[in-house]
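Student: what follows is a predicted structure for the sequence shown.
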Amino acid sequence: MAPGFFQCAFCGKSFRWKPEIAGRAAKCKCGKKIHIPETDPGEDAAGGGASALGAALDSLASPTAPVPAARQPFCRACRRPMKPDAVICLECGVNQQTGEALAAEVETLSADERKKADWESGVAGLKFVRAGLWCNLVGLLLYLAVVIGTIVLAQRGASVGAAAQVAIALAALLAIGCLWVSPFFCLMVPKDSGARGLLWAAIGCFTFNVCLVFAGAVIELPPLAGLAGLFSSLVGTLLLLMFLLRLAEYLEYGQVIEDAEKLIRAFIGLIFCGFALLLPCFQCLALVPFVVLLLYVTIAYALLILSLARTISVSLREDFG
């Protein structure tokens, strides 16, 4: 095994070991749950790892992120809570790995009881989150289509018909609607994920920016209002990305967690390049990195949304059948 990597015991795929994910349970791309080693596999292979004092100094030098609390497991048949390591539900006798019932009869829930159990187990909340993610992805694609269509209209000028202009206007309204509604669906994320507060803060930042835009269309605002709107948008986007990272941690999918961390770092780099473009002495140097990071952040964000939506579907199918 290469230094600094660990492998999935089922498919053999290698993943890079990081201190911030040490000891966590993750989900491989093959769909199996794996346990991330507590220590660097490369150090262990090299000769036994660091001493206790050295490990303590390393932990002080690079503190790890707090590990989110483990999700409460629920029976896939009766939705009642179970112990974390239990395989057989003591209430209905269903094997959680095979889905087979050991008892002669399995107690069935009424429609109202099942709906209540779905909310308590987080199933209904994750379904709302999945719908919100798909809605956000559709809004993003429509927004990109509107941007491209607007550029084409600007180049062709009067040769473009009225039908194309109406189509672009309708697509813009639909994109705004999807992007505005999607966070409210995602607010149904289970409380034990710890992600709901981040999303509320992001919605507050975006709402503040929208209020400034409408106020600027009615009355004349000072120049600082524009900077405040830009700052609130950047903070809101960063909070939204942190929400996606917390959601990935809740779903315990190591690859999605790593993708979300990369996206956050790229977005922070994009912000720095954007501010560098405002300085005349750095415009030439920052233009190319800004364009590259902008394309990367846009594509990575769309892929992250798609991965999270698919991961939620897999998690619901595996945990609740």
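Tutor: Cool, the structure landed.

Student: which strands and helices lie in contact with the helix or strand V288 falls within?
Tutor: Here V288, judged by DSSP states H and E, is contained in helix 283-320. In terms of contacts (3 or more C-beta pairs under 8 Å, 6 or more residues apart in numbering; DSSP states H and E), helix 283-320 is packed against strand 25-27, helix 123-156, helix 223-251, helix 254-277. C-beta coordinates here come from the backbone N, C-alpha and C atoms, glycine included.

Student: how about these in JSON lines, adding mean pLDDT, mean neighbour count and distance to L306?
Tutor: Formatted as JSON lines, the entries for these read as follows, by pLDDT from 0 to 100; neighbours: other C-beta atoms under 10 Å; distance: least, C-beta to C-beta, whole Å:
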{"stretch": "strand 25-27", "mean pLDDT": "73", "mean neighbour count": "19", "distance to L306": "16"}
{"stretch": "helix 123-156", "mean pLDDT": "86", "mean neighbour count": "17", "distance to L306": "6"}
{"stretch": "helix 223-251", "mean pLDDT": "87", "mean neighbour count": "18", "distance to L306": "12"}
{"stretch": "helix 254-277", "mean pLDDT": "90", "mean neighbour count": "18", "distance to L306": "10"}
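
Student: quick one: closest of the ones you listed to V292.
Tutor: Of all the helices and strands packed on helix 283-320, the one in closest proximity to V292, counting by C-beta to C-beta, is helix 254-277 (9.0 Å).

Student: which residues are contacting the closest one?
Tutor: 15-16, 18, 21, 24, 26-29, 34, 36, 234, 237-238, 241-242, 244-245, 248-249, 282-283, 285-287, 289-290, 293-294, 296-297, 300-301, 303-304, 307-308, 311 (C-beta atoms under 8 Å, 6 or more residues apart in numbering).

Student: of those residues, buried ones?
Tutor: Among those, those classed as buried by neighbour count (16 or more other C-beta atoms under 10 Å) are 15, 18, 21, 24, 26-28, 34, 36, 234, 237-238, 241-242, 244-245, 248-249, 286, 290, 293, 296-297, 300-301, 304, 307-308, 311.

Student: thinking again about what came up before, would CSV of the helices and strands packed on helix 283-320 with distance to F10 be doable?
Tutor: Putting the helices and strands packed on helix 283-320 into CSV (distance: least, C-beta to C-beta, whole Å) gives the following:
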stretch, distance to F10
strand 25-27, 11
helix 123-156, 24
helix 223-251, 18
helix 254-277, 14
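
Student: so for L198, which of these sits nearest?
Tutor: When the helices and strands packed on helix 283-320 are compared for distance to L198 using C-beta to C-beta, the nearest one is helix 223-251, at 4.2 Å.

Student: for that closest one, packing partners?
Tutor: Under the contact criterion of 3+ C-beta pairs under 8 Å, 6+ apart, the helices and strands touching helix 223-251 comprise helix 196-218, helix 254-277, helix 283-320.

Student: I148 is nearest to which of these?
Tutor: helix 283-320 (12.3 Å).

Student: now do that closest one, average pLDDT.
Tutor: Averaged over helix 283-320, pLDDT sits at 86.

Student: thinking again about what came up before, in TSV: the helices and strands packed on helix 223-251, plus distance to G139.
Tutor: Supplementary listing: those in TSV, determined by distance: least, C-beta to C-beta, whole Å:
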stretch	distance to G139
helix 196-218	13
helix 254-277	18
helix 283-320	10
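
Student: out of those, nearest to F5?
Tutor: helix 254-277 (12.4 Å).

Student: the inter-axis angle of the closest one versus helix 223-251?
Tutor: Between helix 254-277 and helix 223-251, the angle formed by their directions is 170 degrees, by axes from the mean of the first three to the mean of the last three C-alpha atoms, to 10 degrees.

Student: the helix or strand L173 falls within - contacts with which helices or strands?
Tutor: Counting by DSSP H and E, the secondary-structure element that holds L173 is helix 162-186. Packed against helix 162-186, as judged by 3+ C-beta pairs under 8 Å, 6+ apart, are the following elements: helix 123-156, helix 196-218.

Student: export these as TSV, with columns for distance to R265.
Tutor: As requested, the helices and strands packed on helix 162-186 are arranged in TSV below (distance: least, C-beta to C-beta, whole Å):
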stretch	distance to R265
helix 123-156	20
helix 196-218	17
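
Student: show residues contacting the helix holding L173.
Tutor: Counting by C-beta under 8 Å, 6+ apart, the neighbours of helix 162-186 from elsewhere in the structure are 128-129, 131-133, 135-136, 138-140, 142-143, 145-146, 149-150, 153, 199, 202-203, 206, 240, 243.

Student: stretch 215-223 too?
Tutor: L212, A225, G226.

Student: and the angle for the helix holding L173 with helix 196-218?
Tutor: Our comparison of helix 162-186 with helix 196-218, counting by the same axes, to 10 degrees, yields an angle of 140 degrees.
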